[in-house]
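*Asks:* Following is a predicted model, sequence given first.
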Amino acid sequence: MIDTQLFVQLITAAAGSAGFGLLFHIKKRYIGLVGIGGMIGWLVYVFCTGIWDGVFLPSLAAGFIVDVYAEILARICKETSTSFFVTSIIPLVPGSTLFYCMSSIVEGNNHMALIYGRDTFYFALGIAVGMSAAWSICYFGRTVRNRAEESSH
């Protein structure tokens, strides 16, 4: 059974991704798919925080899954994967830790600024590494498939 807090988080993740989809002029028929991508990314992140400590591995896993989702949608919808990925990853962007880092700097609390800054960096790095790994695997798969098709002709 899904708890109320997680349900609200998933709905707001979907709404946030869909909203950014509108801002980035995603075709209207894909707005729901972008919302689902944001929901999937946040669900993976929340699930993985229960498994691993810290933010790096959960954000890596979520970035990986969202990029795979974007690559699949790109093939199905015949669009670019970037448009699906950028809007679907929005709920994972580490805005709160960056805000608290800057707030701690302004308040002169250097210790907390370092902790929040580290978490912001690890969060962003995890997303980038996850996305890069998924993109590399998909690219490798396409290259192998294309070469196999070329050699069979």
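*Replies:* Cool, the structure landed.

*Asks:* Every contact and neighbour count from this point should use C-alpha atoms.
*Replies:* Will do.

*Asks:* Just list what the lengthiest helix in the chain packs against, helices and strands only.
*Replies:* When the chain is scanned for its longest helix (criterion: DSSP state H), the result is helix 110-152. Here helix 110-152 touches helix 56-77, helix 95-107, going by 3 or more Cα pairs under 8 Å, 6 or more residues apart in numbering; DSSP states H and E.

*Asks:* Report the central residue of the protein.
*Replies:* residue 89 (3.2 Å; Cα atoms, centre = their mean).

*Asks:* State the distance from that one to residue 58.
*Replies:* The span separating residue 89 from residue 58 equals 13 Å under the rule Cα to Cα, to the nearest Å.

*Asks:* shaky segments in the chain?
*Replies:* In the prediction, the chain carries residues with pLDDT under 70 at positions 1-2, 153.

*Asks:* picking up where we left off before, pipe the helices and strands packed on helix 110-152 into CSV and attach distance to residue 133 and mean neighbour count per row.
*Replies:* Shown next, in CSV, are those (distance: least, Cα to Cα, whole Å; neighbours: other Cα atoms under 10 Å):
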stretch, distance to residue 133, mean neighbour count
helix 56-77, 7, 22
helix 95-107, 23, 16
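
*Asks:* Turn the ones you listed into JSON lines, columns for distance to residue 11.
*Replies:* Formatted as JSON lines, the entries for the helices and strands packed on helix 110-152 read as follows, by distance: least, Cα to Cα, whole Å:
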{"stretch": "helix 56-77", "distance to residue 11": "16"}
{"stretch": "helix 95-107", "distance to residue 11": "18"}
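
*Asks:* Of all the ones you listed, which one comes closest to residue 16?
*Replies:* Proximity of the helices and strands packed on helix 110-152 to residue 16 was assessed by Cα to Cα; the nearest stretch is helix 95-107, lying at 13.1 Å.
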